[in-house]
Structures are given as structure tokens and as C-alpha cells.
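Asks: This is a predicted model, with the sequence first.
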Amino acid sequence: MLDRQIQAADYSHAMTAEQLVQGLEQVMSLPDACLRVNQLIEDPDSSSADIAEVIAQDADLSGRMLRLVNSAYYGLSGRVETISRAVTIIGTGELRDLALMTATCDLFQGIPADMFIMRDFWHYSVATGILGRTLAKKCNVLHGERLFVMGVLHDIGRLVILQHMTEKARDVLLVADGKNDLLVGAEQEILGFDHAEVGYELARAWNLPESISTSIRYHHDPMAAREFGLESALVHISQAMAYHLVWGREDDLGYIDGGVWELTGLTVENCLESTESLGDQIMEMFAVLIGDGNPKASPKRRG
């Protein structure tokens, strides 16, 4: 009965993904510190000291950045005590990406808990990022560390839809019924666009690098990407592997587009091998970005 009601509903597509994001520009704006860091990195006359000073003035951001640099993710031999040292070690470009990512984790509030469990979402997203970075090393991707940011942010469009189109998002969840392969189709039918398009438009509005916005746009359809196809393919594999790792469902691996194996040179077997030693790293990164405490996985709340 419920499915019939959903199918019979009048889903008039009043806007595009781009229009949705444009209408939320003020609501979805990033903290001043992140915007300023981005400006300084684009300014050829700025220095790493200028960037470090801006981050240091934001106590929460600087604290997270130091925890991140000192985590197992980087595996440094000595402890980093200052933001200026962090900038020297990881570089300004990656620092910008990480600052934007950490700020994003705090941006979405008020999504009904009966629809979506945020801690599970970020657990899965962090797992996708860690896996992406790991697989990028196997494929010798230039600047492969950016795959971590791509992975963490790949489903950011889902949060926009859940937060700002809540009632239609409920219908999407009911139609998809927790099945990843049905999600995009349900969004297209009900909204007229999907979360990958929304995430892409948001990344562009935030002036994120094109490689990041493109991988977000094509993480469900990597073979359609004209640029950054390898990165999009790695995010595609990583998000499916993250489902498998977090929720332990074998059918999620069958969802991987067959073309990406040839493109990346990877196999299911060596990807599974890559996940075996990443559990502690994923949980540590989750604690840095989201807060202490173990997430409770919920298979039906997937994205």
C-alpha cells in the first residue's frame, strides 16, 4: 500500500541541483577561517605562516588539525605541536582540503534521527576516505592523499537533501529501502536529480578543487567522468568496500561497476586485503573528525 502511495504521488521537479545549492548559499557557507585559508592559498603573495596564523585563531579547527596530523593516518615519528609545523609537514594544499573537510562535519544539524543516523554516516564516509587513500597508493595516483577528502565528502549531497528537502527525502528512503543500487534512481524519480549532482554543486560553490567535485559527481557512474576518471573510479570502489566493511554485506561488492577494475588494475581480492588492517585507523580518524565513541552501524541508514 505504501509503495503505491509513493508511486502515485505528484513529484513535480521544481528545481535543479544547482538551484537547490544556490538557494542555500548562506545557510551552507563555511566558517570564516576555512574561507580565509582558501583565499590565502590562492594568493601567490601569502606565506605558510599566514595560513598557520588564520588556523591558529580558530581553537576548534586548530585542535582538530593537530589531532589529525598526529594520528596514525600520517604515521609521523615525532609529535607535531604547532600549526606552523603541521603546514610544513603536510603542505598548504592538503591542509586546505582537510580544514574544509573538518568544518563540513559540523555543518549539518537537525536531520531527524528517525531518518538518518549521522554517526553511522560519518563512520561509513571516513571508511570510504581511508580506503580511497589506501587504494590510491596501490594505483600510484599523484597526490593520492586527496582521495581521503574525496571519500569523506562523496555523499555530502545526501545531507543537503535530507536537511533541506526532508519530506521528499523520506520518500526516497522508502523507495530505496536501504539498497544502494536503488538510491540514485529513487532520487531522480522523486527529486529530478540525485545526491551526486547536489554534492558536485556544493563542492563547486565552496571552490573545492575540480578533482574533488568531479569525483563526488561521478562516484556512482565513474566511467562517465571525462576528467579525473581514475579518482572517480577509486571513490566508487571505496564506497562499496566501505559498505562491506561497515555493514558486512557481500552484495555491496557486486554493485561495483565492472569497468573500474580494468581502469584501476585492481581486483576484489586485493581490495579486500587492503581493508584487513584499517579498522583501528578508521576508528581513530572517526574520533578526530566526529568525536569519541564507537559508531553503531545501521544497515538501513546507508547512502
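Replies: Yep, that arrived.
Asks: hang on, isn't Asp171 packed against Glu189?
Replies: No - Asp171 is not in contact with Glu189 according to C-beta atoms under 8 Å; the separation is 9.2 Å. C-beta here means a position set from N, CA and C on the backbone, and glycine is covered the same way.
Asks: of these two, who's got more company?
Replies: Counted by other C-beta atoms under 10 Å, Asp171 and Glu189 do not tie: Asp171 has more neighbours, with 20 against 17.
Asks: which helices and strands sit right next to the helix or strand where the more buried one lies?
Replies: Using DSSP states H and E, Asp171 sits in helix 166-176. With contacts defined as 3 or more C-beta pairs under 8 Å, 6 or more residues apart in numbering; DSSP states H and E, the packing partners of helix 166-176 are helix 2-8, helix 156-164, helix 180-191.
Asks: Please find the angle between the direction vectors of that helix and helix 156-164.
Replies: 130 degrees (axes from the mean of the first three to the mean of the last three C-alpha atoms, to 10 degrees).
Asks: Go through helix 166-176 and flag the buried ones.
Replies: Of the residues in helix 166-176, 168-173, 175-176 count as buried by neighbour count, 16 or more other C-beta atoms under 10 Å.
Asks: so can I have JSON lines of these showing pLDDT and distance to Val288?
Replies: Putting the buried residues of helix 166-176 into JSON lines (pLDDT from 0 to 100; distance: C-beta to C-beta, whole Å) gives the following:
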{"residue": "Lys168", "pLDDT": "94", "distance to Val288": "33"}
{"residue": "Ala169", "pLDDT": "94", "distance to Val288": "28"}
{"residue": "Arg170", "pLDDT": "94", "distance to Val288": "32"}
{"residue": "Asp171", "pLDDT": "95", "distance to Val288": "35"}
{"residue": "Val172", "pLDDT": "94", "distance to Val288": "31"}
{"residue": "Leu173", "pLDDT": "91", "distance to Val288": "29"}
{"residue": "Val175", "pLDDT": "92", "distance to Val288": "35"}
{"residue": "Ala176", "pLDDT": "88", "distance to Val288": "30"}
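Asks: quick one: low-confidence parts of the stretch 1-150 of the chain?
Replies: Residues of the stretch 1-150 of the chain that meet the criterion pLDDT under 70 lie in 1-14, 26-27.
Asks: For the stretch 101-250 of the chain, just list every one of the helices.
Replies: 118-138, 146-153, 156-164, 166-176, 180-191, 195-205, 210-217, 229-247 (DSSP state H, counting those that start in this stretch).
Asks: quick one: Leu191 from Ser62, how far?
Replies: Going from Leu191 to Ser62 by C-beta to C-beta, to the nearest Å gives 38 Å.
Asks: For these two, indicate the residue with more neighbours.
Replies: Each of Leu191 and Ser62 had its neighbours counted (other C-beta under 10 Å), and the higher figure belongs to Leu191 (24 against 19).
Asks: just the helices and strands packed on helix 166-176: most buried one?
Replies: Among the helices and strands packed on helix 166-176, helix 156-164 has the highest mean neighbour count (mean count of other C-beta atoms under 10 Å), at a mean of 24.
Asks: Remind me what that helix packs against, helices and strands.
Replies: Here helix 156-164 touches helix 17-23, helix 166-176, helix 195-205, going by 3+ C-beta pairs under 8 Å, 6+ apart.
Asks: closest one to Phe121 among those?
Replies: Minimum separation from Phe121 across those (C-beta to C-beta) falls at helix 195-205, 11.8 Å.
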